[in-house]
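A.B. asks: Below: sequence and its predicted model.
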Amino acid sequence: MKVLVIGGGGREHALVWSLLKSPEVTEVVCAPGNGGIARIARSIPTDVNSLDAMLKTVEAERPALTVIGPEVPLSLGIVDELTRRNLRVFGPTQAAAKLESSKAFAKEFMQRHGIPTAAYAVCTSLDEVRDQLNRFTLPVVVKADGLAAGKGVVICETRLQAETAAAEMFSGALLGTTETEIVLEEFLTGEELSFFALCDGRHAAAIASAQDHKRVGEGDTGPNTGGMGAYSTDGLTTSAMRDWLTQNVAQKVVDGMAAEGQPFQGILFCGIMMTPRGPMVLEFNTRFGDPETQAILLRMKTDVLDLLNASIDGTADSLDIEMHPGASVCVIAASGGYPGKYASGKPIHGLPAQPSDNVVVFHSGTAIKDGQLVTAGGRVLAITSMAPDLRTALDLAYAQLAKISFDGMQFRRDIGHRALDALETR
């Protein structure tokens, strides 16, 4: 069968790579793809910010299955439009994707359905922000309501910082787009966990857990990014906690969305904080995460096509989802200046000719210019590895990264540091 993947980042490269391993898949096409994806699958231009452009691409290619990678196409309603045309598509509807595209909707939904989350206030003006701040102790979290590519969350140590962040979100100065609502949220402490569940409108089935590193700087310092690295291990959650998160978070989301007339099908990414009061939801994503997906798909033994079909066909509860034992890691090589201003078009050197069984370099933001692979984004490469234990997986990833270079390249040297520290103190 022919599969079309919409998107052009590291997540989509990992999806294309995984789909090509399926015995049922005869061809994978990616739109728009990137320099790395073009090496393994036909890439065609499209605009993921334009519903019309994406629909024309699907109509031209006529795939047996379309897989939606990024959040923007979901928020535009691409799944709704393809479903109306009786075309097979993986991902949630526009209404179901509001769990990610609107932080205010997600918080109010969690409150309605008894899903544990931090105290919050939804504000529509700066005056309302100033008034509601009286309810919170510092630090306080200020969140843009809409999609912000992982950069719409500001942890504020002072009231002035919170008011400034909110003002810049309302004006558009912070993110480039104006917000009509922002969310104030209680600051939670604890270990963060990314929990992934496969949903089919009625059932939620646990896939795997990972831990992301959002801050650009080592030691979790500096501004938030789309993610500078991630790791996935057997020990991130116990089987009891995995079951608890499935039943008390993911399944409650599925049940709640169905009760509200908007069944949720696709991947539910639950950003969890393991607080002293118990697990609490920080946010939902309604698609595969990036860079967690790269680490998780490298570990996955189950055919990824089986996951996608189970979500569409309503059989997630009967699917046996298996992961390779051990650990996997993903380390992001980013452009200098990211997540702020950065230059593109820098030649990339030292990439392996072929991926190995245990190390794959997924491309997040690359392009081919005059026959040369060059940078074309803030996050450029996702060096991903798998091994029987986390330390070995990290050694493999960083050894590969040491061979790669481009002007201004930056990366964190401490991915997985919390897990390693915990191992050393045992």
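C.D. replies: That came through, no problem. Here the structure is a predicted model, which is why all the values come from computation and not from measurement.
A.B. asks: same for the helix or strand containing residue 169, what does it pack against?
C.D. replies: Assigned by DSSP states H and E, residue 169 belongs to helix 159-171. If contacts are counted by 3 or more Cβ pairs under 8 Å, 6 or more residues apart in numbering; DSSP states H and E, helix 159-171 sits against helix 126-132, strand 140-144, strand 153-156, strand 182-186. (Each C-beta comes from the backbone N, C-alpha and C, glycine too.)
A.B. asks: Quickly, which of these bottoms out on average pLDDT?
C.D. replies: Here the lowest mean pLDDT among these goes to strand 153-156, at a mean of 91.
A.B. asks: how distant is it from the center of its chain?
C.D. replies: 19 Å (Cα atoms, centre = their mean, to the nearest Å).
A.B. asks: same thing with stretch 110-118?
C.D. replies: Relative to its parent chain, stretch 110-118 has a centroid offset of 22 Å by Cα atoms, centre = their mean.
A.B. asks: residues of it that come out buried?
C.D. replies: 110, 115-118 (16 or more other Cβ atoms under 10 Å).
A.B. asks: now swap in stretch 237-249 and tell me
C.D. replies: 237, 241-242, 245-246, 249.
A.B. asks: That one - what's its average pLDDT?
C.D. replies: Taken as a whole, stretch 237-249 has a mean pLDDT of 96.
A.B. asks: contacting residues around that stretch?
C.D. replies: Contacts with stretch 237-249, where a contact means Cβ atoms under 8 Å, 6 or more residues apart in numbering, come from 115-116, 193, 195, 197, 204-206, 209, 270, 272, 279, 281.
A.B. asks: Cross those residues against strands and list the overlap.
C.D. replies: 193, 195, 197, 204-206, 209, 270, 272, 279, 281 (DSSP state E).
A.B. asks: returning to that earlier point: pull the most distant pair out of the buried residues of stretch 110-118.
C.D. replies: 115 and 118 (11.4 Å; Cβ to Cβ).
A.B. asks: which residues do those two both contact?
C.D. replies: Counting by Cβ under 8 Å, 6+ apart, residue 115 and residue 118 have no shared contacts at all.
A.B. asks: hang on, the earlier thing: can I get the ones in strands among the contacts of stretch 237-249 in JSON lines including pLDDT?
C.D. replies: What follows is these, written out as JSON lines (pLDDT from 0 to 100):
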{"residue": "193", "pLDDT": "94"}
{"residue": "195", "pLDDT": "97"}
{"residue": "197", "pLDDT": "98"}
{"residue": "204", "pLDDT": "98"}
{"residue": "205", "pLDDT": "98"}
{"residue": "206", "pLDDT": "97"}
{"residue": "209", "pLDDT": "96"}
{"residue": "270", "pLDDT": "97"}
{"residue": "272", "pLDDT": "97"}
{"residue": "279", "pLDDT": "97"}
{"residue": "281", "pLDDT": "97"}
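A.B. asks: Nearest to residue 295, out of these: which one, please.
C.D. replies: Residue 295 lies nearest to residue 209 out of the ones in strands among the contacts of stretch 237-249, by Cβ to Cβ, at 10.3 Å.
A.B. asks: right, and the closest one touches residue 192 too?
C.D. replies: No: between residue 209 and residue 192 there is no contact under Cβ atoms under 8 Å: 10.6 Å.
A.B. asks: and the two? which has more neighbours close in?
C.D. replies: Neighbours were counted for residue 209 and for residue 192 using other Cβ atoms under 10 Å; residue 209 has more, 23 against 17.
A.B. asks: where do the helices sit along the stretch 1-150 of the chain?
C.D. replies: 10-19, 51-61, 71-76, 78-84, 98-101, 103-112, 126-132 (DSSP state H, counting those that start in this stretch).
A.B. asks: Tell me the helices and strands packed up against the fourth one.
C.D. replies: In terms of contacts (3+ Cβ pairs under 8 Å, 6+ apart), helix 78-84 is packed against helix 51-61, strand 65-68, strand 89-90.
A.B. asks: which one of these lies closest to residue 147?
C.D. replies: Proximity to residue 147, assessed across the helices and strands packed on helix 78-84 by Cβ to Cβ, is greatest for strand 65-68 (14.0 Å).
A.B. asks: Name every strand pairing with that closest one and say which way it goes.
C.D. replies: With DSSP bridges as the test, strand 65-68 is paired with strand 2-7 (parallel), strand 89-90 (parallel).
A.B. asks: So which bits of it are buried?
C.D. replies: For strand 65-68, a neighbour-count test (16+ other Cβ under 10 Å) marks 65-68 as buried.
A.B. asks: Which member of the residues you listed is positioned nearest residue 170?
C.D. replies: residue 68 (30.0 Å).
A.B. asks: how deep is the closest residue to the closest one other than its chain neighbours tucked in, by neighbour count?
C.D. replies: Spatial nearest neighbour of residue 68, chain neighbours left out: residue 91 (3.8 Å); criterion: Cβ to Cβ, 6 or more residues apart in numbering. Applying other Cβ under 10 Å, we find 28 residues neighbouring residue 91.
A.B. asks: give the contact list for residue 91.
C.D. replies: 67-68, 73-74, 78-79, 97, 265-266, 286-287.
A.B. asks: Distance-wise, check it relative to residue 218.
C.D. replies: Per Cβ to Cβ, to the nearest Å, residue 91 is found 35 Å from residue 218.
A.B. asks: tell me the domain ranges of this protein?
C.D. replies: The chain resolves into domains spanning 2-94, 119-186, 191-425 when parsed by automatic domain parsing.
A.B. asks: Turn the ones you listed into CSV, including distance to residue 103.
C.D. replies: Formatted as CSV, these follow (distance: least, Cβ to Cβ, whole Å):
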stretch, distance to residue 103
domain 2-94, 13
domain 119-186, 5
domain 191-425, 7
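A.B. asks: which one of those lies closest to residue 102?
C.D. replies: Of all the domains of the chain, domain 119-186 comes closest under Cβ to Cβ, at 5.6 Å.
A.B. asks: Would you pull up how far that closest one lies from the middle of the chain?
C.D. replies: 22 Å.
A.B. asks: what's the span of it, first residue to last?
C.D. replies: Terminal residues of domain 119-186 lie 5 Å apart, using Cα to Cα, to the nearest Å.
A.B. asks: Use 14 as the first number from now on
C.D. replies: Will do, 14 is the new start, and the previous item becomes domain 132-199.
A.B. asks: which stretches of the stretch 314-439 of the chain form strands?
C.D. replies: If DSSP state E, counting those that start in this stretch is used as the criterion, the strands of the stretch 314-439 of the chain fall at 340-347, 372-376, 379-382, 385-388, 392-400.
A.B. asks: can you put those in a markdown table and add mean pLDDT and distance to residue 60?
C.D. replies: Formatted as a markdown table, these follow (pLDDT from 0 to 100; distance: least, Cβ to Cβ, whole Å):
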| stretch | mean pLDDT | distance to residue 60 |
| --- | --- | --- |
| strand 340-347 | 98 | 24 |
| strand 372-376 | 97 | 19 |
| strand 379-382 | 96 | 15 |
| strand 385-388 | 97 | 21 |
| strand 392-400 | 98 | 20 |
